[in-house]
Structures are given as C-alpha cells and as structure tokens.
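Asks: how would this look folded up:
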Amino acid sequence: MAQMGVMDASLCPPFHGRSVDKGTRRRPRWVLLDKLAYFAGADVRNATTATSKTREGHEIQVTLCTAAQPQLVSYVCVHSPTLNPASDDYAMEPQIIAAHDDLLLIRLILGRGNRFTVSLADYFVYQASIADDIPPSLTRITHPGPMITFTNHEVAILHYIPEDTHHHPYALRPHNPLSSSSKQHYIVTAFSVNRYRPPGEYKLHLYHSHTQQWTTTHFNLAATMPPLPDLSPFHHRTTNVINLTHQSPGLMAFVDLWQGLLLINVLDKVQPAAPRYIPLPPPLKQGKVISGRVDPTDVRDIAVDAKGHINFVELEVDAIQHESDRTGYISQGWTVAKWSCSNTESDDCCWHMDCKLNASDISHLMPPELPNYCHPTPTLERLHIGHPLLSLDNNGDVVYFMAKVDHRDYKAWVIPVDMRKRLIHEPAVFEGAPRTLGIGSTFIQTTISNYPQPAPGKKRKQKQPGMLLGSSSKRKSETPYLTNVVLPLPTRHGVQKQPDAEGGSMEAEFSDNMLL
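Replies: Take a look at the predicted model:
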C-alpha cells in the first residue's frame, strides 16, 4: 500500500460546481466536501482559486467547486505547472483533513511511496474570500516536525483574535459579520494519545498562525477520568473534532465516537484546564460490543447545527454473511436514531433522542433513481448503507448516507433522509465512488460555501503565493521556528524517508486514515 500513488479516477474531476462566481446562483449554507482532492488543468479555475508554493518551490493551485445541494458532493481541484499527477510526483491525492467556517486544512505529500513519511508533508490553510476586495488565500504553514504527530481524525482548525490585536476573544459563528482583520488568525489543534508513555497520557498540539509556532501540552487523564466500561484505565481515541466556540471562545470537543466527548478550551492563556468528559448515548443495540478496530465513522456522526445544538446519529445495520461469498454480506434492514444536546454544562449532556426509524418505515418512498442499473431493483432494506453525516441546518434532522447495491461496488449514491418527517429527499450519484473502498468516511460537512466570491472583474488585493502568514518577501530565515524543537526539514521528496511515525497502530485500525 505504501507504494500507491494517485488513482486514475482522481485525474477526472466532476463537472458540477466549477462556476461559482458571484451572482451565478445562490450559495448553499453548507455542503458535503470530498476529502480527497482531484487533479485538473490550469484552466479549471474560478473565483475561489488560490495559489501557494511547496517547500521545494512548486506552485500549487487550489480551486473549490461547490455544488448547489449537499447531496451533490463538492470537491477541490489541485494543479501544479511543474508536477505531474500521472507520474510519480505525488505520494497520493492531497487531503482535506479539517474544515470549519471559511477554512480548509490541506495536506500534500510529494513522491510516490512517501504517503506515510510525515516529514515530507506540506500543510496548507485555504481561506475563502470574505469580501469582494479580499481574494481567497492559500498559506503553507510551519511543518510540525517529527516530534508532533497525529492522524487525520484528530485535527481541527478554528479562528481566534490574538490578545495583542483585539480587546475581546472571538467566538466563532459562521453567520456573524466579521472584519477582515479578525478573520486572518487561526489555530490548528490536535488531541492524540501519547503512545510512548503509560496509558492515560495524552498530548494537545496547537499551531497559532500569528506566531507560526507549534506547542504541545501534556495531559494525564488516567487519574482524573472515570474508567470506561470494560476499559481500565480511561482510554480515548479522537475520531472527530467539533467546534463549540459559540458556547465559549476556544472550546473544542475531541470526540471518541465509540465513547464520548472531551471538552478542552484551546485558548486558555497559560495551560488548558483539564478536559471535561461527556459520555455519548448508549448503543442502539443493547449489549453491543464496541470494537476499537472498526472505524466508528462508518456508522456514527456528530455535528453542531445552525442553532448551536450538538447532534449525534447512530446507524445499526442488520446483516448476515453471504453464503457463497465470504467477503460479502446481505443487508436485511437497518435502524437509525438521532440524539441532540443543547447544554454541555451537565455531565450527562442531557442527551435527548429526537427520532428513530427503520428502513422498512420509509422503504415505500424509495426514489426510482436509486439505483437505476441493478435488476431487480433492491428494496431500501437491501441496499448497503453507511457513512451517516448530519445536516448543519436547523435541528440537523436530515441525515446523509452513502449507499451502494454492494459495498464493493464503484457506483454509489448520497441519500438524504429526513428523520423527523420520515421522508427521503432526492438522492444524487456520488461521482467519487470509483475512489472508494467499501463504505467509509469519504466526505465531510463544511460551511465554506456560505462565503462570498469576488465579483468578476473586481479589483482584488494581491498576496504573494507561498508566503507564510505574517511574513515579508524578505524573510530572514527559511528554517521554520518550532517551540520545544527546531529541526531542519528535508527539501527533496524521496531523499529522506523515515520510519512510520507514531500512530502506526492507528493506521492498521483505520485504514482510510493517513498520518500527518
């Protein structure tokens, strides 16, 4: 697997979403975004296009293609005039590893065979246009170095206002008008297990854009957190991160979708206070054994809706193994339930089950478009379904599922199901299906589509590509500054290949994850 490069399907991006100039159509408040970028020519560009440079000086062009509806999955196109994705120039497709508000965090590794070599990764922050006279930007941030490692599931990004530039902290609310200056600063944060220390020890990594430094804080939760059922001591593996800054500036929830939420304020001045733990609702199936080797995003999701409520969804599939095919299964139906929480101050988070339905309840509503190539057409119960994602609209009652006739197929649909109204909205073909292996975490929710694009012909402020945020064109040093550790970074892809960084065991457990 380590030698895999770019998939052929990644060289043929979809056609929808390319025209996003102001005034062409109404912008959706949020979209589903494919986590794997596509490669396209220099002509695939629009008002969202931004450029930067890799550490080796290769120009990278990023273009956002947003769909009109969430189920028609949006995507990112990448282009470089000096790199060929059809050869050995890329280790794999660039990945969107975090998203929030108008920000995307993108990871790119050059050199076929280097996909697990964390020292060779470049990290870029894409920021959408926030006003007609401020274009989108793409900024390469300081590499965290070999001592700071984390997986894609463990990382998030959020806005903030440094104390020396503003008199009060910034509570992130995508629909609030903000000045351009307040939108320029952000934090990249990750919470991971300290795999070289005794059980119960964790690390919080923070990157501040205005200092361009990475810092690490250590937590020992073994003595402060209650032991989990059948787990001693306390154990938490971050699978999702949600932003709760609407409740308190800097408040983030690092979620283990099998267990619960750890609430940490990443803006604490000296050292973040000890995390507070909130358990998730019990599994739909009583007595279900939770397996740490199964990616929970296959059947669970958690998100914050437009009202600030935390929503949690779980999918339980009733399946039996195929008699003649040991790698296949037959779906006999499925059940899905949604919970919500509006108050994180109480330890139990006041989870309330909003709705629960079975596939048989809505099978008669199955649209004729789904599927249109299989004979006989399977019922809704027979479809292989998974990867639920919650809507970011009010109440989050609509859940988006990936569906296939067989989970090994390379054709898939996105099906929106209104849990409360018990309706199936119009499905859409997922054009990224040829790049999937089974039904797993493939796309994410983001509100980046809600931001204005510069008007065609509008004079825009220019920013030199490839510059680190806050730096001038005459930088005194090309060596990135890191708190606690300052190390030179390799400058040619494929020259210095290091052993897999910490978290290799996580790779075995979550095969779709890539180490940062």
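Asks: Quick check: end-to-end length of stretch 84-97?
Replies: Using CA to CA, to the nearest Å, the span of stretch 84-97 from its first residue to its last is 23 Å.
Asks: what's in contact with it?
Replies: Counting by CB atoms under 8 Å, 6 or more residues apart in numbering, stretch 84-97 makes contact with 4-7, 10-11, 33-39, 76, 78, 83, 104-115, 117, 120, 152, 155, 435, 444, 493, 514, 516, all of which sit outside it. Where you see a C-beta, it was placed from the backbone N, CA and C, and this is true even at glycine.
Asks: Can I have the buried ones of the residues you listed as a PyMOL selection?
Replies: Written as a PyMOL command, the selection of buried residues from the contacts of stretch 84-97, which uses 16 or more other CB atoms under 10 Å, is:
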select buried, resi 5+6+10+33+34+35+36+37+38+39+76+78+83+104+105+106+107+108+109+110+111+112+113+114+115+117+120+152+155+435+444+493+514+516
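Asks: Let's see which of the contacts of stretch 84-97 end up in strands.
Replies: Secondary structure assignment (DSSP state E) places 33-34, 38-39, 76, 78, 104-109, 155, 444 from those within strands.
Asks: before we move on, which element is the residue nearest the centre of the chain in?
Replies: Against the mean C-alpha coordinate of the chain, by CA atoms, centre = their mean, the closest residue is Ala98 at 4.1 Å. Of the helices and strands defined by DSSP states H and E, Ala98 is found in strand 95-100.
Asks: ok and that strand relative to strand 75-79, angle-wise?
Replies: Orientation check (axes from the mean of the first three to the mean of the last three CA atoms, to 10 degrees): strand 95-100 against strand 75-79 gives 130 degrees.
Asks: what ranges of the stretch 1-150 of the chain fall below the confidence cut-off?
Replies: The model of the stretch 1-150 of the chain has pLDDT under 70 over residues 1-3, 20-25.
Asks: hey, where'd the helices end up in it?
Replies: Under the criterion DSSP state H, counting those that start in this stretch, helices are not mapped anywhere in the stretch 1-150 of the chain.
Asks: How many residues are close by the closest residue in space to Pro296 that isn't next to it in sequence?
Replies: Across the structure, with CB to CB, 6 or more residues apart in numbering as the measure, the residue nearest Pro296 apart from its sequence neighbours is Leu257 (3.6 Å). Neighbourhood size, Leu257 [other CB atoms under 10 Å]: 23.
Asks: what's the spacing between Leu257 and Phe312?
Replies: The gap separating Leu257 from Phe312 is 9 Å, by CB to CB, to the nearest Å.
Asks: got any residues that touch both of those two?
Replies: Any residue near both Leu257 and Phe312 by CB under 8 Å, 6+ apart counts here, and that gives Leu280, Arg300, Asp301, Ile302.
Asks: helix, strand or coil for Val336?
Replies: Recorded secondary structure, Val336: strand (DSSP: H, G, I helix; E, B strand; the rest coil).
Asks: Show the contacting residues for it.
Replies: Neighbour list for Val336: Val313, Glu314, Leu315, Glu316, Lys356, Leu357, Pro388, Val399, Val417, Met419 [criterion: CB under 8 Å, 6+ apart].
Asks: can you tell me which of those are in strands?
Replies: If you go by DSSP E, these have Val313, Glu314, Leu315, Glu316, Lys356, Leu357, Pro388, Val399, Val417 in strands.
Asks: Which ChimeraX command selects the buried ones in those residues?
Replies: Isolation of the buried members of the ones in strands among the contacts of Val336 (16+ other CB under 10 Å) is achieved in ChimeraX through the command below:
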select :313,314,315,357,388,399,417
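Asks: among the helices and strands of the chain, which has the poorest mean pLDDT?
Replies: For the chain, the helix or strand with the lowest mean confidence is helix 504-509, at a mean of 36 (criterion: mean pLDDT, DSSP states H and E).
Asks: how deep is Asp354 tucked in, by neighbour count?
Replies: By other CB under 10 Å, the burial measure for Asp354, its neighbour count, is 18.
Asks: actually Gln247, sorry about that
Replies: By other CB under 10 Å, 17 other residues sit near Gln247.
Asks: what's the answer for Asp409, then?
Replies: By the measure other CB under 10 Å, the count of residues near Asp409 is 18.
Asks: For it, which non-adjacent residue is closest in space?
Replies: Excluding the flanking residues, the one nearest Asp409 by CB to CB, 6+ apart is Ala433, at 7.4 Å.
Asks: residues touching the one you found, list them.
Replies: For Ala433, the contacting residues are Lys404, Asp409, Tyr410, Lys411, Ala412, by CB under 8 Å, 6+ apart.
Asks: Can I have the buried ones of those as a PyMOL selection?
Replies: If you want just the buried ones from those in PyMOL, going by 16+ other CB under 10 Å, the selection is:
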select buried, resi 404+409+411+412
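Asks: In this structure the residue nearest to the centre of the chain contacts Ile187, no?
Replies: No - with contacts counted by CB atoms under 8 Å, Ala98 stays clear of Ile187, the gap being 10.9 Å.
Asks: Next, show the common contact partners of those two.
Replies: By CB under 8 Å, 6+ apart, the residues touching both Ala98 and Ile187 are Ile157.
Asks: What residues sit buried inside stretch 130-143?
Replies: Of all the residues in stretch 130-143, those buried under the rule 16+ other CB under 10 Å are Ile130, Ala131, Ile134, Pro135, Pro136, Ser137, Leu138, Thr139, Arg140, Ile141, Thr142, His143.
Asks: just those residues now: which is nearest Gln271?
Replies: Minimum distance to Gln271 across those is 21.3 Å, recorded for Thr142 (CB to CB).
Asks: any idea how far Gln213 is from the closest one?
Replies: The spacing between Thr142 and Gln213, counted by CB to CB, is 7 Å.
Asks: List the contacts of the closest residue in space to Phe191 that isn't next to it in sequence.
Replies: Leaving aside its sequence neighbours, Phe191 sits nearest to Phe254 (CB to CB, 6+ apart; 4.1 Å). By CB under 8 Å, 6+ apart, the contact list for Phe254 reads Glu154, Phe191, His236, Thr238, Val241, Leu261, Leu262, Ile264, Pro275.
Asks: so which of these is the most crowded?
Replies: Leu261 (29 neighbours).
Asks: What confidence value was assigned to that one?
Replies: Residue-level confidence at Leu261 comes out at 93, pLDDT.
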